[in-house]
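Student: okay, structure incoming, though there's no sequence with it:
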């Protein structure tokens, strides 16, 4: 078990956004969380990545209890994430974003930087190499020095995934990676997620587009009104009555 | 014991002024998210307008007050127009910096025009009144009464009128408000107008009690900022409660603290609250 | 990153590393040679003060321009640096150099401690906090007469023989300014500078990538105060006496406007802003009483029309053509 969520609940005043959810994610799989709008998916991610603590319940990562830990601690432990509305460091270049992603694994301190010690120079070289590799991985090599605000929506998505990957996570949480991306470009992103799985990174994916989910996911959990209403492999979920009802009788046409 | 009651009364007087200024600021902060640090300078300008009208032009106090409260919103809207482009494209600190620029501009313009000496405004009500054994000047009673009436009227306005609801709507959800056809720009100017009128009223009330000088706004606006932080940026209730509590705390502190240290109460309170609750007492997130 | 093959493609345009080095060295050389052209002591003093204010503004730049934390209390720290040095020097006869080091360390540590309560607060709250902080400090310096001499002023700050002359002080401040600029240059264009920029631009994202917000903000705060405090100590040494107004909000306001006009977040911005505004107004002495008013107008103008400041504006225009400008 890579990630174990037990009885996780989050209340905001009178609203219960996440209601007693338990699930586990196995190492190496692509796990998907789906559900209608407002069913608590992003809140679940926020609870895992430490943006706010749960009202009750626990989150264990590699048998390490990370419930209520701060986001930077969780990143350090090996969980990376992207955000639903593409979040990047605007005004900086593509390569700068990637460098920041790897910062937490670098030991260089202020003294090193100012005196240009061996540590600083070695780390600079290391960063350069890692960036080259990642640029190639997400296919943005030709745009390395471009300011982020000049990228297309899909390029920005790839960059935000790449930036999260630079933190060397074991588990990557992707929040609607194909949101606001048009049909032709979805294929690229699906390929990218597959490549990530091949690299050995476990992926947990919030998605709305059924076609993407059915294509990629090894296992799926369905949320509705903060509760988990179903869990299983794609075939089971597709035929699950409650799930179909939750989506009001129709699949999303991706 | 009478000393204590005397200070309670003084606390209510000072608290009334703080509340009126803080209310204006919290309205602006709540609706259009501008921390108007120049508000104290607007308050100061109102006092000087009243000074000019009464002293130089010889008008009666009441006429001067009426004119000041009517005219101040114009200045408030000018200030709003300076803020607006900054709000649209600036970063978090830009509004604050712009506000500091306006504060310095207003303070120093007044200093250059009127000079650095303190000015005296003669109030309409002279003489004192005996209240339960305490001797109180009529002006101070006017301040407390006027403040309470204005606060009540403001609450009625915000909660019971259509325009008041508009302001509240923008405060709660600007994009939602504009979606239902509320003009944010107009609401912004309106809010500034009301806030400035409140500041003008405060200045009008206090001018006969304390002297008028070009830096009089700065200590007040800083207190108001402290009140906003403690009571919650944008919270009307917080501004009222905070304003009076601060006024009373400062007045009471005179009984056991040397005079120069009053400032420290407001700031000490602010630092203490922020340490434990970074979003203020009744605060909502920025 | 020198190792990326792509970098070479872009380096072919003007402003290679060598050109930059030549430009920078020429400026420093010009400044170094200047006293030999026998200008009046007055002008040398004005320029020395320009160096000092540039350094103080650089301090603020580290916090505001790089890490994006809105402090408007830097005047107070400038003053504390000045007073700590002055008190050690004038009242306790501590060795000049030792006193400087102590002043910087003490002020920096004090800032670190003071910032702890507020470091979790968000922009405007933090600004208000620092504003109140500034006023408390000014009030304290004014009132703690047995230590600071209060409104009477602290006098009798002396310099060692090597710095006794105007030229001596000029060179001392110039050297320190160059060192500080180098320091900021290296810092800003490194991984550390980049991670501070990430905090400035998007805290939530930075935090999710493992960057420790509280730690970095406090370090940035302490470092920025150290630089400003050093400038304060130099000021005390240069002038020889102090009054509590050197800790006041007015100083914070000046530093802020020097930075905003010069270009927040740039390396040369603080120097441009400080020299531009301070030196110019010093020379136009007759305008002294209008100074705050003029500054107020300039500040509003800048924030509305030129929020990136002079250097920011220059960079925005020329960066396409000379990508190396990005580092400045």
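Tutor: Received the coordinates, thanks. Model, not experiment: these values are computed from the prediction.
Student: who's in contact with the closest residue to residue B:120 other than its chain neighbours?
Tutor: Leaving aside its sequence neighbours, residue B:120 sits nearest to residue B:211 (Cβ to Cβ, 6 or more residues apart in numbering or on different chains; 6.1 Å). Just so you know, the C-beta spots here come from the backbone N, C-alpha and C atoms, and that holds for glycine as well. Residues near residue B:211 by Cβ atoms under 8 Å, 6 or more residues apart in numbering or on different chains: B:118, B:119, B:120.
Student: would you show me how to pick out the buried ones of those residues in ChimeraX?
Tutor: Entered in ChimeraX, the line below selects the buried ones among the contacts of residue B:211, by 16 or more other Cβ atoms under 10 Å in any protein chain shown:
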select /B:119
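Student: before we move on, the earlier item: any idea how far the residue nearest to residue B:120 is from residue B:13?
Tutor: As for residue B:211, its distance to residue B:13 is 15 Å (criterion: Cβ to Cβ, to the nearest Å).
Student: same check, this time on residue B:85
Tutor: Taken as Cβ to Cβ, the span from residue B:85 to residue B:13 is 39 Å.
Student: neighbours of residue 191, just the number please.
Tutor: Answering for chain A, as no chain was given. 11 (other Cβ atoms under 10 Å in any protein chain shown).
Student: wait, chain C was what I had in mind.
Tutor: Per other Cβ under 10 Å, the neighbour tally for residue C:191 reads 20.
Student: which residues does it contact?
Tutor: Contact analysis of residue C:191 by Cβ under 8 Å, 6+ apart lists A:99, A:103, A:106, A:108, A:113, A:123, A:124, A:127.
Student: and the pLDDT at it?
Tutor: Predicted confidence (pLDDT) for residue C:191: 89.
Student: what does stretch C:128-142 rub up against?
Tutor: By Cβ under 8 Å, 6+ apart, stretch C:128-142 touches B:35, B:222, B:225-226, B:229, B:260-261, B:263-264, B:266-268, B:270-271, B:274, C:70-73, C:75-76, C:79-80, C:83, C:114, C:118, C:121, C:148, C:150-151, C:244-245, C:247-249, C:252.
Student: go on, stretch B:261-269?
Tutor: B:219, B:222-223, B:226-227, B:230, B:246, B:249-250, B:253-254, C:132-133, C:135-136, C:139, C:143.
Student: which among the residues you listed count as buried?
Tutor: For these, buried by 16+ other Cβ under 10 Å: B:222-223, B:226-227, B:230, B:246, B:249-250, B:253-254, C:132-133, C:135-136, C:139, C:143.
Student: between those residues, which sits nearest chain A?
Tutor: Using Cβ to the nearest Cβ, residue B:230 is the member of the buried ones among the contacts of stretch B:261-269 that lies nearest chain A, at 21.9 Å.
Student: hang on, the closest one in a helix?
Tutor: Yes - assigned with DSSP: H, G, I helix; E, B strand; the rest coil, residue B:230 falls within a helix.
Student: what's around the closest residue to chain C within the stretch 1-150 of chain A, how many residues?
Tutor: When distances are taken as Cβ to the nearest Cβ, the stretch 1-150 of chain A reaches nearest to chain C at residue A:104, 3.0 Å away. Neighbourhood size, residue A:104 [other Cβ under 10 Å]: 17.
Student: the closest residue in space to it that isn't next to it in sequence: how many residues sit nearby?
Tutor: In space, and not counting its chain neighbours, residue A:104 is closest to residue C:210: 3.0 Å by Cβ to Cβ, 6+ apart. A total of 27 residues lie near residue C:210 under the criterion other Cβ under 10 Å.
Student: biggest helix in chain B by residues?
Tutor: Assignment by DSSP state H gives helix B:2-32 as the longest helix of chain B.
Student: what's the first helix or strand after that helix?
Tutor: Per DSSP states H and E, the first helix or strand lying C-terminal to helix B:2-32 is helix B:39-51.
Student: count of neighbours near residue 150?
Tutor: I'll assume chain A. Using other Cβ under 10 Å, residue A:150 has 11 neighbouring residues.
Student: actually chain C
Tutor: Residue C:150 sits with 15 neighbouring residues when counted by other Cβ under 10 Å.
Student: could you measure from it over to residue C:245?
Tutor: 12 Å.
Student: again with residue C:37
Tutor: Counting by Cβ to Cβ, the gap from residue C:37 to residue C:245 is 34 Å.
Student: who has more neighbours, the two?
Tutor: When neighbours are counted by other Cβ under 10 Å, residue C:37 and residue C:245 differ, and residue C:245 comes out ahead with 16 against 6.
Student: of the contacts of residue C:191, the lowest pLDDT goes to which?
Tutor: Lowest confidence among those: residue A:113, with 80.
Student: what number of residues lie near the closest residue to it other than its chain neighbours?
Tutor: Nearest residue to residue A:113, sequence neighbours excluded (Cβ to Cβ, 6+ apart): residue C:190, at 4.1 Å. Residues near residue C:190, counting by other Cβ under 10 Å, number 21.
Student: in contact with residue C:190, which residues?
Tutor: A:108, A:113, A:120.
Student: any chance you could map the helices in the stretch 1-150 of chain A?
Tutor: For the stretch 1-150 of chain A, the helices defined by DSSP state H, counting those that start in this stretch cover A:41-49, A:71-77, A:94-102, A:110-115, A:118-137.
Student: hmm, back to that, okay, the angle between the longest helix of chain B and helix B:39-51?
Tutor: Between helix B:2-32 and helix B:39-51, the angle comes out at 110 degrees (axes from the mean of the first three to the mean of the last three Cα atoms, to 10 degrees).
Student: now for the residue of the stretch 1-150 of chain A closest to chain C: which residues touch it?
Tutor: Residue A:104 makes contacts with A:72, A:75, A:76, A:167, C:209, C:210, C:211, as judged by Cβ under 8 Å, 6+ apart.
Student: surely the third one and residue C:210 touch.
Tutor: It stands for residue A:76. Yes - judged on Cβ atoms under 8 Å, residue A:76 makes contact with residue C:210 at a distance of 5.1 Å.
Student: give me the buried positions along the strand or helix carrying residue C:183.
Tutor: Element membership of residue C:183 [criterion: DSSP H and E] is helix C:166-188. In terms of neighbour count (16+ other Cβ under 10 Å), helix C:166-188 has its buried residues at C:166, C:168-174, C:176-178, C:180-181, C:183-188.
Student: ok, which of these also contact chain A?
Tutor: C:183, C:186, C:187 (Cβ under 8 Å from any Cβ of the partner chain).
Student: between the buried ones among the contacts of stretch B:261-269, which is closest to residue C:311?
Tutor: residue C:133 (28.4 Å; Cβ to Cβ).
Student: tell me the SS of that closest one?
Tutor: Applying three-state DSSP: residue C:133 is helix.
Student: state the pLDDT value of it.
Tutor: 85.
Student: for it, give its distance to residue B:267.
Tutor: Per Cβ to Cβ, residue C:133 is found 8 Å from residue B:267.
Student: cool, residue B:176 as well?
Tutor: 36 Å.
Student: just residue C:128 next, same as before
Tutor: Separation of residue C:128 from residue B:267 (Cβ to Cβ) stands at 10 Å.
Student: look at these two and report which has more neighbours.
Tutor: residue C:128 (26 against 22).
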